[in-house]
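Participant: this is a predicted model, with the sequence first.
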Amino acid sequence: MKPPVLSRLTWAWLGSLALFAGAAGVMVYSARTGEGPGRIALPVDRIEIFARNAPPAPGSEERIEAPVLRQPPAGEIKLAQTAPGEDSEDGLVLIYPGGDDLRTDDEDDLLYEDDYLDDESDDVRYSADDVIITIPGAKKATPVAAASLGPSIRPIPDPDSAMLRVTALGNTPRVAADGRRPVSYYARPYEGSRSKPRVAVIVGGLGLNAAVTERAIDDLPPEVSLSFAPYAKNLDFWTKKARDAGHEVLIELPMEGYGVNAQALGAAGLLTSRAPEENLQRLDWLMARFGGYFAATNYMGAKFSADADALGPVLDRLKNSGVGYIDDTGAASRSAGGLPIATVTRMIPAAADDADLRDVKRELAALENAAKRDGFALGKTYAYAATIDEIAVWARGLEQKGIAQAPASALLRTSAATR
């Protein structure tokens, strides 16, 4: 008789069934006898159980209590024995509770808390089933309050509808019915010393590059004010992230400069060649790009700021909206007319790479000197990774130099009407 001819596929199926049957047999045998591979369990509320070789007795409940960290009272419990060359001293004891039977062992070199002491002798009494780990010389950690690792993070409030005016181009800021103004409501409070020289820094051009924007928000101290470009995307997201990190924010207004192509300012650029009504319409669109800013600041704008007839209506609109203005041209203060305003002391160059950092360091040092001379100073720059890194390092050393870091809003002043 010849065995039947089977295909390779059939032999494969038969082999798989045989392996499965063998594995099932091993599992059944292990379950009935308790032998076989060790088991590992990691329960959350119990001590870890490793490699259990025998099952618990029928009807019993296996349980291992969590370890108890104890420190013996000083002077009451000592090491019975110490290792050669070591001094006897108190330590920490980890006691894994076991059974209830107690015994004494004068020669044991482990520590126990006074609850384990025999009232009639100095012998140490403990459970035979206890598992004890001693750490000679260690002391129980004393809980401490979490120390501050940097400036306190106080989020800036989200936009309040009571301070928003609905226009055809979007919601723009306004003074609330109860008198609240965005210039103070969305400003970061300054709680530093007013007797020290104060220095503030604005980093602008944010929102256009996601990686650089996130770097500025996360790496710079919250006292650094952040200015966002109006043409950037996701401005509500980025400005909220900045406010949540404690940074006060500004909106940038593109303005006409000398020798600058007007087309480079975008469709909403403010130009001296446009009528005031046209510029105000564009200003409304710019101011509606996002909310929660305390002030506006210029992008370019030397020519526009020098023209009082062009700049005046823009600053009036800002004042009536309850926001401030920060100018880096030095010309806007003549047209402020009661608007909270600050003028930039030093423009910090934007370092595209490490080779330009010498200029950044020079201007930061000049900013410190101006603050010491005048009592305050305001710097402004545009976002580049190398510049952000350098400002972050520089800011950490200001306190040691006797200079207080302040948000830009702390340097705003209300100018007298000059027009």
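Facilitator: Ah, there it is.
Participant: switch to C-alpha atoms for all contacts and neighbour counts from now on
Facilitator: OK.
Participant: partners of the longest strand along the chain, with directions?
Facilitator: Longest strand in the chain, counting residues (DSSP state E): strand 198-206. Partner strands and pairing direction for strand 198-206 (DSSP bridges) are strand 225-228 (parallel), strand 376-382 (parallel), strand 404-405 (parallel).
Participant: what does the helix or strand that the longest one is followed by rub up against?
Facilitator: Put plainly, it is strand 376-382. Downstream of strand 376-382, the next assigned helix or strand under DSSP states H and E is helix 385-396. Residues outside helix 385-396 that contact it (C-alpha atoms under 8 Å, 6 or more residues apart in numbering): 212, 215-216, 219-221, 350-354, 357, 360-361, 364, 405.
Participant: highest neighbour count among those?
Facilitator: Counting neighbours by other C-alpha atoms under 10 Å, Ala216 leads the contacts of helix 385-396 with 28 neighbours.
Participant: can you confirm that one is in a helix?
Facilitator: Yes. The assignment for Ala216 is a helix, going by DSSP: H, G, I helix; E, B strand; the rest coil.
Participant: how about the nearest residue to it, chain neighbours excluded?
Facilitator: In space, Ala216 comes closest to Ile388 once its chain neighbours are excluded; the distance is 6.2 Å by C-alpha to C-alpha, 6 or more residues apart in numbering.
Participant: the one you found: neighbour count?
Facilitator: Residues contacting Ile388 under the criterion other C-alpha under 10 Å number 23.
Participant: and if you look at Gly397?
Facilitator: Neighbour count of Gly397, defined by other C-alpha under 10 Å: 11.
Participant: same deal with Arg198?
Facilitator: Residues lying near Arg198 (other C-alpha under 10 Å) number 27.
Participant: so what's Gly402 up against?
Facilitator: 196-197.
Participant: tell me the domain ranges of the protein?
Facilitator: Annotated domains of the chain cover 63-139, 161-414 [automatic domain parsing].
Participant: return the member of these having the minimum mean pLDDT.
Facilitator: When the domains of the chain are compared by mean pLDDT, domain 63-139 comes last with a mean of 44.
Participant: as TSV, the domains of the chain with distance to Leu14 would be great.
Facilitator: Formatted as TSV, the domains of the chain follow (distance: least, C-alpha to C-alpha, whole Å):
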stretch	distance to Leu14
domain 63-139	44
domain 161-414	59
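Participant: pick the most buried one from those domains.
Facilitator: Stretch with highest mean neighbour count among these: domain 161-414 (a mean of 20; mean count of other C-alpha atoms under 10 Å).
Participant: what's the end-to-end length of it?
Facilitator: One end of domain 161-414 to the other measures 25 Å (C-alpha to C-alpha, to the nearest Å).
Participant: renumber starting at 13 from here on
Facilitator: Yes, from this point I'll number from 13; that puts the last item at domain 173-426.
Participant: from Val356, how far out is Thr426?
Facilitator: For Thr426, the distance to Val356 equals 15 Å [C-alpha to C-alpha].
Participant: if we ignore the residues flanking it in sequence, what's nearest Ser237?
Facilitator: Using C-alpha to C-alpha, 6+ apart and skipping residues adjacent in sequence, the residue nearest Ser237 is Ile214, 4.7 Å away.
Participant: surely the one you found touches Ala395?
Facilitator: No. Counting by C-alpha atoms under 8 Å, Ile214 does not reach Ala395; the two are 9.7 Å apart.
Participant: which helix runs longest in this protein?
Facilitator: Counting by DSSP state H, the longest helix found in the chain is helix 20-45.
Participant: now the longest strand of the chain - C-alpha only, PDB.
Facilitator: Extracted C-alpha coordinates of strand 210-218, given in PDB (Å, rounded to 0.1, in the frame of the first residue of the first chain):
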ATOM      1  CA  ARG A 210      13.900  99.200  33.000                       C
ATOM      2  CA  VAL A 211      14.400  97.700  29.600                       C
ATOM      3  CA  ALA A 212      11.800  96.300  27.200                       C
ATOM      4  CA  VAL A 213      12.100  94.500  23.900                       C
ATOM      5  CA  ILE A 214       9.700  93.900  21.000                       C
ATOM      6  CA  VAL A 215      10.200  91.100  18.500                       C
ATOM      7  CA  GLY A 216       8.200  91.700  15.400                       C
ATOM      8  CA  GLY A 217       7.400  90.100  12.000                       C
ATOM      9  CA  LEU A 218       5.900  87.000  13.700                       C
END
